[in-house]
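In: Dropping the sequence and predicted coords here.
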Amino acid sequence: MIVAVYALLRLFNLRFKKENFYKLIKDFLIISTLLFITLYLAGYFEIRSVDSLSANFGKYKLNLLSIFDPVNSAAKISWSWFLPDIKLPKEAEIEGFSYFGLGQLLMFLFALVLFFNKNFNKNLISIKDNKEIKFFFLVSFIFTLWALSNKISLGTITLLEIPLNKYILGAFSIFATSARMFWIVNYFLLILSIIIIYKCFEGRKSLLIIGIFLTIQLADTSAGLKNYIRSFTPLKETIILKDSIWGDLFGKYKVVKTTFPISWSKLFTRFAYLTEHHKIKKTNIVSFARVNRQAVAKARYNLYDNFRKKNLASDTVYIVDNLNHLRHLKYLFENENVGFFYRDGIWSMVMNEKARMNDNEKIIFSEIKTKLLKINSEKNINFNEKDNYYGFGWSHNMGKPGVWSEGYNSTLLFRVDKTDDDLKLEIYCNPYTTKKNNTLEFDIYVNNSFNKSMKLNNKQGEKFEILIEKDSIKNNEIKIDFEFKNPIAPFEVLESPDSRKLGMLIKKIKISPV
């Protein structure tokens, strides 16, 4: 943001002030060199340039009503005692929150009246004729348009939407959370308002007027400020894990891993203190704004391959991300010397520690069962439902229904009512096919036995069937493994920065007697 402002101001100077072109080039070279050295030392280039891209330009943007909306719904905090909440789209609430505050709003309106009042023309000549201020008006206009993005909205109404070429959209996606571009405009308007008041009134009078607006501002925004007093107090006790087993495990094992490594783990807040306190050497429970997407995807595939091969690290505490993962892990390790601990509402797994499980954990663990798939009933598959029918090897569908198979191996795991018939599993899906890979090929295994090979090539939707012999069903449980031969990532075909190797999107399943 700072670089963009500086560049625009210098370019306006070059155009309107006839600044020396060679001096401009020299300054840019010096600044760019220092900037790149700083970025390199800070590790900015540790991720690929494509991983700085996001698909959220035009989504996390400024709304025309954002500066009047005092409620940050994402944080559940109101910043005004006086102004009501304005219901805005969720994305505008998350990154687009830009409430001025009642004091600043009134001061800006007051300064605007003064600016166009003829009685104060003489006082404001130095401002109205100042080229730098005029240039910053232009910069502010550009940044406001940037913040509004290609979809200009008033509340829930889209006033204007400009379609963008995918390469232009990709370039803007480097700054996907465009709403932040309005921050500097906010500061400019605040400072300019103070200058205008100061120019129009004598010293003490101007300070009195500004003081009144400051008092209104503090009184209004104290509704939100009171929530940040807690920043100077210890963390809530509910965040810190209390059970003594964490200290025992983290003192003995110096690697901590979640079963679902991503760049923004929901477990980070709960484990951050323990990770630091016990000097954990390695962990994938992290919270990053940007990360090498390809490396994270490969880490997931390697982790799941090790689970399937029953290769657990002897120096690692595994934190189980969700119930689906727990069911799959129980299927794999129930009869192995692996301890499963349920403390502070979180499941963890450690090799060679089965003897440390307490009686309550043994009872709860024994009652963990694969989810029932009733005969003749269709069931939707959604990634956000952590009590579902999928095990390892699945990923999100950008918040939409369905789950994507990710990587080379994906597993469905469920149980059925006792039946004396052979069964038929119907799977409704969309294969991920491209010009580079127009047919999805994979093998299917039922309870670890080869069932059949499949080829899918219809992007619009497919339904295929898996016949399951009754003799292959043990304890009413069915495990379906898909081994994909040619999954491909959207990044590999330049469709998006997404580096997940996708196979098929499963939307729903149905099981019935043959």
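Out: Right, received. Where do you want to start? Numbers count the residues shown, from 1 in each chain.

In: When you work out contacts or count neighbours from here on, use the C-alpha atoms and nothing else.
Out: Noted.

In: for the protein, which helix is longest?
Out: helix 203-225 (DSSP state H).

In: Any idea how far it is from the middle of the chain?
Out: 37 Å (C-alpha atoms, centre = their mean, to the nearest Å).

In: contacting residues around it?
Out: By C-alpha atoms under 8 Å, 6 or more residues apart in numbering, the surrounding residues in contact with helix 203-225 are 77-82, 101-104, 106-107, 194, 197-198, 200.

In: ok now the helix or strand following it, how far from the chain's centre?
Out: Counting by DSSP states H and E, the element after helix 203-225 in chain order, helix or strand, is helix 244-252. Taking C-alpha atoms, centre = their mean, the mean C-alpha location of helix 244-252 is offset from the chain mean by 30 Å.

In: Mind listing the strands the following helix or strand past helix 244-252 pairs with, and their directions?
Out: Beyond helix 244-252 on the C-terminal side, the first helix or strand identified by DSSP H and E is strand 255-258. Paired strands of strand 255-258, with direction, are strand 282-283 (parallel), strand 316-319 (parallel) (DSSP bridges).

In: just the CA coordinates of the last one, formatted as PDB?
Out: Once non-C-alpha atoms are left out, strand 316-319 reads as follows in PDB (Å, rounded to 0.1, in the frame of the first residue of the first chain):
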ATOM      1  CA  THR A 316       5.300 -37.100  17.600                       C
ATOM      2  CA  VAL A 317       2.000 -36.200  19.300                       C
ATOM      3  CA  TYR A 318      -0.800 -36.200  16.600                       C
ATOM      4  CA  ILE A 319      -3.700 -33.900  17.300                       C
END
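
In: next one: it to chain centre, how far?
Out: 23 Å.

In: cool, stretch 307-318 as well?
Out: With C-alpha atoms, centre = their mean as the basis, stretch 307-318 stands 28 Å off its chain's centre.

In: repeat for stretch 169-182
Out: The chain centroid and the centroid of stretch 169-182 are separated by 15 Å, computed with C-alpha atoms, centre = their mean.

In: Go through that stretch and flag the buried ones.
Out: Neighbour counts over stretch 169-182 (16 or more other C-alpha atoms under 10 Å) mark 169-170, 172-182 as buried.

In: same deal with stretch 127-141?
Out: For stretch 127-141, by 16+ other C-alpha under 10 Å, it's Ile127, Phe135, Phe136, Val139, Ser140.

In: mind checking the SS state of the first one?
Out: Here Ile127 takes the helix state, with states given by DSSP: H, G, I helix; E, B strand; the rest coil.

In: What sits closest to it if chain neighbours are left out?
Out: Of all residues not flanking Ile127 in the chain, Ile133 sits nearest, at 7.0 Å (C-alpha to C-alpha, 6 or more residues apart in numbering).

In: which secondary structure element contains that neighbour?
Out: Per DSSP H and E, Ile133 falls inside helix 131-148.

In: That helix packs against which elements?
Out: Applying 3 or more C-alpha pairs under 8 Å, 6 or more residues apart in numbering; DSSP states H and E, we find helix 131-148 packed against helix 2-16, helix 183-200.

In: if we go to 7 Å?
Out: Here helix 131-148 touches helix 2-16, going by 3 or more C-alpha pairs under 7 Å, 6 or more residues apart in numbering; DSSP states H and E.

In: What residues sit buried inside the helix it packs on?
Out: By neighbour count with 16+ other C-alpha under 10 Å, helix 2-16 contains the buried residues Val5, Leu8, Leu9, Arg10, Leu11, Phe12, Asn13.

In: of these, closest to Glu334?
Out: Nearest to Glu334 among the buried residues of helix 2-16 is Val5, at 59.5 Å by C-alpha to C-alpha.

In: any idea what sits nearest the closest one, other than its immediate chain neighbours?
Out: With C-alpha to C-alpha, 6+ apart, the residue lying closest to Val5 is Val139, at 6.8 Å.

In: need the helices for the chain, in chain order.
Out: With DSSP H as the criterion, the chain has helices at 2-16, 21-41, 90-94, 102-115, 125-128, 131-148, 166-172, 183-200, 203-225, 244-252, 268-277, 293-308, 323-333, 359-366.

In: Nearest to Glu426, out of those?
Out: Among the helices of the chain, helix 323-333 sits nearest to Glu426 (C-alpha to C-alpha), with 20.6 Å.

In: neighbouring contacts of the closest one?
Out: Val320, Ile368, Lys369, Thr370, Lys386, Asp387, Asn388, Tyr390, Gly391, Phe392 (C-alpha atoms under 7 Å, 6 or more residues apart in numbering).

In: Reformat the residues you listed as a markdown table; add distance to Gln294.
Out: Converted to a markdown table, those look like this (distance: C-alpha to C-alpha, whole Å):
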| residue | distance to Gln294 |
| --- | --- |
| Val320 | 22 |
| Ile368 | 33 |
| Lys369 | 33 |
| Thr370 | 31 |
| Lys386 | 24 |
| Asp387 | 27 |
| Asn388 | 27 |
| Tyr390 | 23 |
| Gly391 | 21 |
| Phe392 | 18 |
